[in-house]
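>>> Only the shape, not the letters, is given here:
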C-alpha cells in the first residue's frame, strides 16, 4: 500500500510539471522576449549643429547687428545691451505682439553720429510656411552727425522687416524709410535703405549655449535708382537663455562730413564690433 501511495504522488507531480510546461509553450513568443535597451540611446548621440532638436533658441532674434528682424523677443522679457564703446540699448516686449526700446549712441569725434531715440515694433504676421515673422517698426527721437545740423523730435525712420526660415538657418530683409535722410559722404545722401542679412548656427559651445554666424548689408540712396553700399557687417554670436555676446567687423563709408569726392566709388572703412546683452 505504501508503494502504491508513493507511486500516485510521483505521478501527480509529473502531471503538474507537464501542465506548467504546456502553459509556457502556449504563451506567445513576444511576451517572453526581453527588450534590450538600444546600443546607442538618442540622448547619448552627438547632435548635429543643424539638427533642429539640438538647436538652442536665440533670445536676440529681434535683430541682427543693427537691422531689425521680422520677429520679437519673448513676451515680458527685458534686455539691456552695450555695443562697442558708445552704444546703449534697452528693449522690453509686452507680449508676442509689441515691444518698445530705447537706443543711444554717443559721437566719439567729429563726423560721427549721435542718436537717441525711442522705438516701437509690432508683429504683423507670425510663423507661416517659410516665413518666420513680419514686423513693422519705427524710431522717434534725436539724430545728428557731429558737426552738421540736427534733426529733433521727429520720426527718424520706419521699417518693414521679414524673417525667413527657422533656427537652423534664417534670411532677413528690411526696407527702411528715413524722412530726414542721413549723410554718408559729401556725394551721397541716404533716404531709403534696403537691408539684407542671414544667420546660420555653426555649433554649440555648451549645454545651453549656441554659436552662429551672422551677417548683414545695407544699400541706400535718395531713391531706388541711386542705391549704393552704405554698411556691411560680419561676425559671430554666442547665445544662451540669459546672455548674448557678439564679435565682428563693420564696414562703412569713410566719413560723414567734409569727405573727398567719391566719384570713383564708395571706399569703406573697417571697424571692430563687440556687444553684450543681458536678459531679465
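Sure, I can see it. Nothing here was measured: the structure is a model prediction, and the numbers come from that model. Residues are numbered from 1 along each chain as shown.

>>> in its sheet, what does the helix or strand hosting residue 160 sit against?
Using DSSP states H and E, residue 160 maps to strand 151-166. Here strand 151-166 is paired, per DSSP bridges, with strand 131-145 (antiparallel), strand 169-183 (antiparallel).

>>> can you redo the ones you listed as a markdown table with distance to residue 103, mean neighbour count and mean pLDDT?
(Each C-beta comes from the backbone N, C-alpha and C, glycine too.) Formatted as a markdown table, the strands paired with strand 151-166 follow (distance: least, C-beta to C-beta, whole Å; neighbours: other C-beta atoms under 10 Å; pLDDT from 0 to 100):
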| stretch | distance to residue 103 | mean neighbour count | mean pLDDT |
| --- | --- | --- | --- |
| strand 131-145 | 7 | 19 | 88 |
| strand 169-183 | 14 | 18 | 88 |
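
>>> Can you tell me which of the ones you listed is nearest to residue 249?
Of all the strands paired with strand 151-166, strand 169-183 sits nearest to residue 249, with 18.5 Å by C-beta to C-beta.

>>> Report the next helix or strand after that closest one in sequence order.
Counting by DSSP H and E, what follows strand 169-183 is strand 189-206.

>>> remind me which residues of the stretch 1-150 of the chain are low pLDDT?
Within the stretch 1-150 of the chain, the stretches with pLDDT under 70 are 1-54, 108-113, 145-150.

>>> all strands for it, in order.
77-83, 87-93, 98-105, 113-125, 131-145 (DSSP state E, counting those that start in this stretch).

>>> Just send those strands back as CSV, with distance to residue 208 too.
Putting the strands of the stretch 1-150 of the chain into CSV (distance: least, C-beta to C-beta, whole Å) gives the following:
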stretch, distance to residue 208
strand 77-83, 16
strand 87-93, 21
strand 98-105, 24
strand 113-125, 26
strand 131-145, 22
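
>>> Minimum distance to residue 278: which of those has it?
Proximity to residue 278 (C-beta to C-beta) singles out strand 77-83 among the strands of the stretch 1-150 of the chain, at 5.4 Å.

>>> Tell me the helices and strands packed up against the closest one.
For strand 77-83, the packing partners by 3 or more C-beta pairs under 8 Å, 6 or more residues apart in numbering; DSSP states H and E come out as strand 87-93, strand 269-279.

>>> can you list those strands in a markdown table and add distance to residue 161 and mean neighbour count?
Shown next, in a markdown table, are these (distance: least, C-beta to C-beta, whole Å; neighbours: other C-beta atoms under 10 Å):
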| stretch | distance to residue 161 | mean neighbour count |
| --- | --- | --- |
| strand 87-93 | 14 | 17 |
| strand 269-279 | 19 | 14 |
